[in-house]
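1. Need a 3D model of the following:
(one chain, ligands or ions: 1)
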Amino acid sequence: MPPRAIASGLMKSVVATTYGGPEVLRIVDAPTPVAGEGQVLVRVAASSVNPLDWHELRGTPYVVRMMRGLRAPKSSGHAMGSDVAGVVESVGPGVTRFTAGDEVLGFGSGAWSEHMVVGEAGLVLKPKNLSMTDAGGVGVAAITALQGLRRGGQVSPVTWGPGEVEPMRPRVLIIGASGGVGTFAVQIAKLLGAHVTAVTSTRNLELVARLGADDVVDYTTTEVTEGRPRFDLVFELAGNRRLRDLARILTPSGSLIACGAPSGQWIAPLAAPAGLAITSRFSKRTYTSFLAKRDIDDLQQLADWLGTGALRVVVDDVYPLERIADAVAHSESGHVRGKVIVTM
Ligand SMILES: NC(=O)c1ccc[n+]([C@@H]2O[C@H](COP(=O)([O-])OP(=O)(O)OC[C@H]3O[C@@H](n4cnc5c(N)ncnc54)[C@H](OP(=O)(O)O)[C@@H]3O)[C@@H](O)[C@H]2O)c1
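-> From the prediction side, this is the model:
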């Protein structure tokens, strides 16, 4: 958690003092934080729910508890929420990129609050044309989509021989294309020049086609892991397919980026990354599990695309802060279309 310096008043903030489902969330009056060195105090206008948030809330997989506390979250009243869109209220010493009144977006810790402090590197200026509501859905999901696709290494030009650079138009498969990460990934893969196949359920086929997918696959009727090797990059966001099935549809030098968390509280979430590391030793294909990280250039790239309208935020539903438990339950359903937004 970012340091919470001297309080300058009270604000509404969502906390959880015990592990559990949405029912353990409490809205409390908490001290309004003050921006410390290199930090920005943001008046939060909107945030969103990411699976990361409810994994933290439930303390699952259990490895989460090694960091957050074994029996209960360590800090009494862990402030929840990551994505933020809002207005800069004040800046701490050493902050050069923002001044009071700037509209910003990004992510940090404690965003389901009326105010939060964010390290300067976690924010960029919000494009003027983007509403606060939409901006609240960008953070973690959009950066995961961008970094996952880039880490696949297949969407940028590839050098074929000495001095010869051929723009590659690879075939990218996105599984879980209609969710928070997936709706950004479909659009970004197109912006990066890929041919995109999107896997989703029947009701979302039209949505992913509208976002730019060249081919759509309905997972309720068709198993995408059948058939010949045909994808240069598989971006896996659903977490419910076997690695060896996914490997079968990769071209000989293709990449699998596994982002979706397999279900299970103990073994599965840990076994998947371990399996990835072992398999990749015996094949030209690459298998990578992956954790998105804060990167100011990536955040700026996303803001630039959002500013020109090349990238847009798909909003499933908007909940006021008072209905945070409903918002989290909606996200936990596993069938979100785009982003679940929370407004302050
Ligand atoms: N490693 C990281 O840094 C990182 C960062 C962000 C997210 N993640 C992980 O990435 C995953 C996706 O995140 P998200 O925010 O996009 O989740 P989300 O918004 O909840 O979306 C989940 C999507 O999965 C789809 N889905 C469910 N079952 C499916 C199946 N059998 N085949 C294909 N699609 C299926 C759903 O579509 P339908 O409604 O059509 O079923 C839904 O749109 C999560 O596991 C999350 O924990 C990891």
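
2. Tell me which residue in the stretch 101-250 of the chain sits closest to the ligand.
-> Of all residues in the stretch 101-250 of the chain, residue 179 sits closest to the ligand, at 2.0 Å by Cβ to the nearest ligand atom. The way it works is simple: take the backbone N, C-alpha and C, and place the C-beta from them, glycine included.

3. pLDDT value on the residue nearest to that residue when sequence neighbours are not counted, please?
-> Nearest residue to residue 179, sequence neighbours excluded (Cβ to Cβ, 6 or more residues apart in numbering): residue 336, at 5.5 Å. Looking at residue 336, its pLDDT is 97.

4. what does this protein put close to the ligand?
-> 50-52, 140-141, 144, 175-176, 178-182, 199-201, 204, 219, 237-240, 259-261, 290-292, 331, 334-336 (Cβ under 6 Å from any ligand atom).

5. Now, these that are in helices?
-> Members of the residues of the chain next to the ligand lying in helices (criterion: DSSP state H): 51-52, 140-141, 144, 180-182, 331.

6. What sits closest to residue 92 if chain neighbours are left out?
-> Nearest non-adjacent residue to residue 92, counting by Cβ to Cβ, 6+ apart: residue 35, 3.6 Å away.

7. Contact partners for that neighbour?
-> For residue 35, the contacting residues are 5, 41, 90-92, 95, 117, by Cβ atoms under 8 Å, 6 or more residues apart in numbering.

8. could you redo the last one with a cut-off of 10 Å?
-> When contacts are counted by Cβ atoms under 10 Å, 6 or more residues apart in numbering, residue 35 touches 2-3, 5, 41-42, 88-93, 95, 98, 115-120.

9. For those, which ChimeraX command selects only the ones that are buried?
-> Here is the ChimeraX command that picks out the buried ones among the contacts of residue 35, judged by 16 or more other Cβ atoms under 10 Å:
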select :2,5,41,42,88,89,90,91,92,95,98,115,116,117,118,119,120
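
10. So, low pLDDT: which residues of the stretch 51-200 of the chain?
-> Across the stretch 51-200 of the chain, the ranges flagged by pLDDT under 70 are 62-64, 66, 75-78, 151-169.

11. all helices for it, in order.
-> Taking DSSP state H, counting those that start in this stretch, the helices of the stretch 51-200 of the chain run over residues 51-58, 63-68, 132-135, 139-151, 180-191.

12. export the shortest one as CSV, just CAs?
-> Backbone C-alpha positions of helix 132-135 (Å, rounded to 0.1, in the frame of the first residue of the first chain) are rendered in CSV as follows:
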residue,chain,number,x,y,z
MET,A,132,-14.2,9.7,-16.7
THR,A,133,-16.4,6.6,-16.6
ASP,A,134,-14.6,5.0,-19.6
ALA,A,135,-11.2,6.1,-18.3
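
13. Isn't residue 73 up against residue 19?
-> Yes: in this structure, residue 73 is within contact of residue 19 by Cβ atoms under 10 Å, at 7.1 Å.

14. Are any of the ones in helices among the residues of the chain next to the ligand buried, and if so which?
-> Counted by 16+ other Cβ under 10 Å, those give 51-52, 140-141, 144, 180-182, 331 as buried.

15. Can you report how many residues lie near residue 195?
-> Neighbourhood size, residue 195 [other Cβ atoms under 10 Å]: 16.

16. Can you name the residues bridging to it?
-> Legend: beta-bridge partners of residue 195 under DSSP bridges are residue 171.

17. OK, contacts around it?
-> The contact partners of residue 195, by Cβ under 10 Å, 6+ apart, come to 169-173, 189, 213-215, 231-232.

18. what about 8 Å?
-> Residues in contact with residue 195 (Cβ under 8 Å, 6+ apart) are 169-172, 214-215.

19. among these, who's most crowded?
-> Ranked by the number of neighbours (other Cβ under 10 Å), the contacts of residue 195 place residue 172 first, at 31 neighbours.

20. I figured that one was touching residue 233, is that so?
-> Yes: using Cβ atoms under 8 Å, residue 172 is in contact with residue 233, at 4.6 Å.

21. Run through the strands of the stretch 201-344 of the chain in chain order.
-> Using DSSP state E, counting those that start in this stretch, the strands of the stretch 201-344 of the chain run over residues 215-218, 231-236, 250-258, 286-289, 315-320, 339-343.

22. Let's have these in CSV, adding mean pLDDT and distance to residue 296.
-> As requested, those are arranged in CSV below (pLDDT from 0 to 100; distance: least, Cβ to Cβ, whole Å):
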stretch, mean pLDDT, distance to residue 296
strand 215-218, 98, 34
strand 231-236, 92, 23
strand 250-258, 87, 22
strand 286-289, 78, 23
strand 315-320, 98, 25
strand 339-343, 98, 22
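
23. now those as TSV including distance to residue 128?
-> Formatted as TSV, the strands of the stretch 201-344 of the chain follow (distance: least, Cβ to Cβ, whole Å):
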stretch	distance to residue 128
strand 215-218	33
strand 231-236	31
strand 250-258	33
strand 286-289	36
strand 315-320	19
strand 339-343	19
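
24. Tell me which of those strands lies nearest to residue 194.
-> For these, the distance to residue 194 is smallest for strand 231-236, at 7.4 Å, taking Cβ to Cβ.
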